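Q: Following is a predicted model, sequence given first.
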Amino acid sequence: MTNDRRLNTLPDDPATLKQMVAQLMQDHDAAQLVMQRRIDDLELSKLRLEMELLKYKKWVYGPRADRLSNTAQVNQMLLEFARDLEARPIEKDEAGEVGLGADEPLPAVAPRRIRRKSGRRCLAAFDHLPVQRCEHDLSDEQKRCPCCGRMRRRIGRETTWQIEYIPGHFERIEHVQFRYGCGECDRKIRGAQIELADKPLQPIEKGLPGPGLLAYVITAKYADYLPLYRLEDIFSRCGVEIARGTLSLWCRDVADLVRPLYERMIQRVLQSHVIGTDDTPMPMLVKGRGEAQQARVWVYIGDEDQPYTIFDFTLGRTRDGPNQFLKGYKKVLVADAYGGYNGVVVQGGITRAGCWAHARRKFVDAEASRPEVAAQAVELI
């Protein structure tokens with residue numbers, strides 16, 4: 001009924017109808033243009049935010065060679081994005097079938113809802129923990145009935161439980177070795193035939209630390225990256241004073257103890273078809289001088305068949321370190337462009353393989369001048 005009324009109000013003159021249709025088409029094109037501009041502005045703002053996020057990610061998390069040093073590189077990337085956006089043709093699907101007026105607001109975006117798990121935590125996950133039972137009972141005075149004065153009887157109980165953490169503690173292990181002798185032989189002047197019972201072999205002979213304490217010190221320092229001076233403070237809070245110098249000597253003794261395992265791991269890594277290597281500076285205190293010397297730690301990583309990581313320490317960055325480690329190796333070495341490897345691979349007959357991470361950095365540096373070419377290369381890598 002409403003559509004019929006609208007049709008009845010239309011003029012019968014064809015020229016007037018054409019003028020009305022032309023005006024409607026013009027209004028539609030204008031609304032479509034406004035909508036496209038809003039879409040372009042939103043997309044450009046989105047790109048700016050993405051590039052800003054990328055900039056901060058590179059500054060905080062990226063490798064040193066990939067980090068942006070100034071905002072000029074980001075502005076250059078935004079300029080290229082803006083040019084591409086302006087040159088892109090307007091698509092009907094992007095603008096929409098019906099445009100919005102200049103004064104009409106954009107449709108509100110519904111906030112994203114975060115679904116949270118309902119219900120209690122699965123208590124069965126704690127069934128493997130040891131249980132310590134703590135009983136709480138009334139005193140004899142409280143058990144007496146306040147009404148008649150008789151002793152009340154137990155009619156039930158209520159059980160609740162909680163998770164508790166008991167910090168590590170020290171124990172003193174006392175080893176008692178019994179000694180035996182023959183009294184009959186001793187009386188007959190044939191000797192007492194004395195024999196002492198054996199005790200388990202210790203990691204440090206006649207040393208104070210037990211194997212569990214040594215394992216904790218090594219794990220805390222090299223797996224959890226906990227410095228020895230912090231371990232010293234932790235032990236002190238537990239009531240045991242162990243100087244960091246002593247802890248350092250224990251680390252040396254454990255290193256001597258596991259030396260055969262370290263040598264075996266080196267043999268396995270040298271059987272790899274591909275070995276990856278790199279070095280990093282390591283300050284070393286010079287005894288008696290009170291200052292640090294720039295030493296080096298080299299890492300050698302085996303392939304999938306020999307998945308071991310070996311660290312090798314040298315006093316400098318000369319090629320003597322990798323030359324000695326890779327002596328006899330004849331396969332593939334993946335390393336950076338450090339010139340010290342040149343003599344190693346030539347003399348040892350090793351195949352040199354380039355590092356994609358270092359190659360990528362060169363294209364990242366080229367983004368400021370040729371961003372389209374650099375982006376294609378980085379994507380391929």
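A: Yep, it's here. Numbering: from 1, shown residues only.

Q: elements contacting the helix or strand hosting residue 216?
A: Per DSSP states H and E, residue 216 falls inside helix 211-218. Applying 3 or more C-beta pairs under 8 Å, 6 or more residues apart in numbering; DSSP states H and E, we find helix 211-218 packed against helix 244-257. Bear in mind the C-beta positions are built from the backbone N, C-alpha and C, glycine included.

Q: buried stuff in the helix it packs on?
A: By 16 or more other C-beta atoms under 10 Å, the buried positions in helix 244-257 come out as 247, 250, 254.

Q: The helix holding residue 216 to helix 244-257, inter-axis angle?
A: Orientation check (axes from the mean of the first three to the mean of the last three C-alpha atoms, to 10 degrees): helix 211-218 against helix 244-257 gives 100 degrees.

Q: Quick check: next helix or strand after helix 211-218?
A: Following helix 211-218 toward the C-terminus (DSSP H and E): helix 228-237.

Q: just the strands in this structure please.
A: With DSSP state E, the ranges of strands along the chain come out as 179-180, 195-196, 274-285, 292-301, 309-314, 332-334, 351-353.

Q: And those strands: which comes nearest residue 215?
A: Taking C-beta to C-beta, strand 309-314 is the member of those nearest to residue 215, at 19.2 Å.

Q: Just give the strands next to that closest one in its sheet, each with its orientation.
A: Using DSSP bridges, the strands paired with strand 309-314 are strand 292-301 (antiparallel).

Q: any idea how far residue 127 is from residue 271?
A: As judged by C-beta to C-beta, to the nearest Å, residue 127 and residue 271 stand 45 Å apart.

Q: neighbour-wise, which of the two wins?
A: residue 271 (14 against 8; other C-beta atoms under 10 Å).

Q: Now the more buried one: closest residue in space that isn't a chain neighbour?
A: residue 306 (5.7 Å; C-beta to C-beta, 6 or more residues apart in numbering).

Q: How many neighbouring residues does that neighbour have?
A: 17.

Q: Report the contact partners of it.
A: Neighbour list for residue 306: 268, 269, 271, 272 [criterion: C-beta atoms under 8 Å, 6 or more residues apart in numbering].

Q: how does it look with 10 Å?
A: Residues counted as contacts of residue 306 (C-beta atoms under 10 Å, 6 or more residues apart in numbering) are 265, 267, 268, 269, 270, 271, 272, 273, 274, 275.

Q: what's the burial count for residue 214?
A: Residues near residue 214, counting by other C-beta under 10 Å: 20.

Q: does it really touch residue 246, like I thought?
A: No: the pair residue 214 and residue 246 fails to qualify as a contact (C-beta atoms under 10 Å) at a distance of 11.7 Å.

Q: Can you get me a residue count around the nearest residue to residue 373 once chain neighbours are set aside?
A: Excluding the flanking residues, the one nearest residue 373 by C-beta to C-beta, 6+ apart is residue 366, at 7.1 Å. For residue 366, the count of nearby residues is 15 (other C-beta under 10 Å).

Q: now swap in residue 202 and tell me
A: Neighbour count of residue 202, defined by other C-beta under 10 Å: 13.

Q: what's the answer for residue 146, then?
A: Neighbour count for residue 146, taken as other C-beta under 10 Å: 7.

Q: Also residue 41?
A: Residue 41: 11 surrounding residues under other C-beta under 10 Å.

Q: Could you check how far it is from residue 35?
A: 11 Å.

Q: before we move on, what about residue 235?
A: 69 Å.

Q: who touches stretch 179-190?
A: If you take C-beta under 10 Å, 6+ apart as the criterion, stretch 179-190 is touched by 191, 192, 193, 194, 195, 196, 197.

Q: Just give me the closest of the residues you listed to residue 220.
A: Nearest to residue 220 among the contacts of stretch 179-190, counting by C-beta to C-beta, is residue 197 at 34.0 Å.

Q: dump the residue contacts of that closest one.
A: Residue 197 is in contact with 175, 176, 177, 178, 179, 180, counting by C-beta under 10 Å, 6+ apart.

Q: What pLDDT is listed against it?
A: Listed pLDDT for residue 197 reads 91.

Q: ok, residue 9 - contacts?
A: Contact analysis of residue 9 by C-beta under 10 Å, 6+ apart lists nothing.

Q: Packing partners of the biggest helix by length in the chain?
A: Counting residues, the longest helix in the chain under DSSP state H turns out to be helix 14-60. Contacts defined by 3 or more C-beta pairs under 10 Å, 6 or more residues apart in numbering; DSSP states H and E place helix 14-60 against helix 72-87, helix 92-95.

Q: returning to what we had before: show me which of the contacts of stretch 179-190 are buried.
A: Looks like the contacts of stretch 179-190 have none buried, using 16+ other C-beta under 10 Å.

Q: how many neighbours does residue 44 have?
A: Neighbours of residue 44 (other C-beta under 10 Å): 15.

Q: distance of it from residue 54?
A: 15 Å.

Q: Check residue 377 too.
A: Separation of residue 377 from residue 54 (C-beta to C-beta): 17 Å.

Q: and those two? which has more neighbours close in?
A: Higher neighbour count among residue 377 and residue 54: residue 377, with 17 against 14, using other C-beta under 10 Å.
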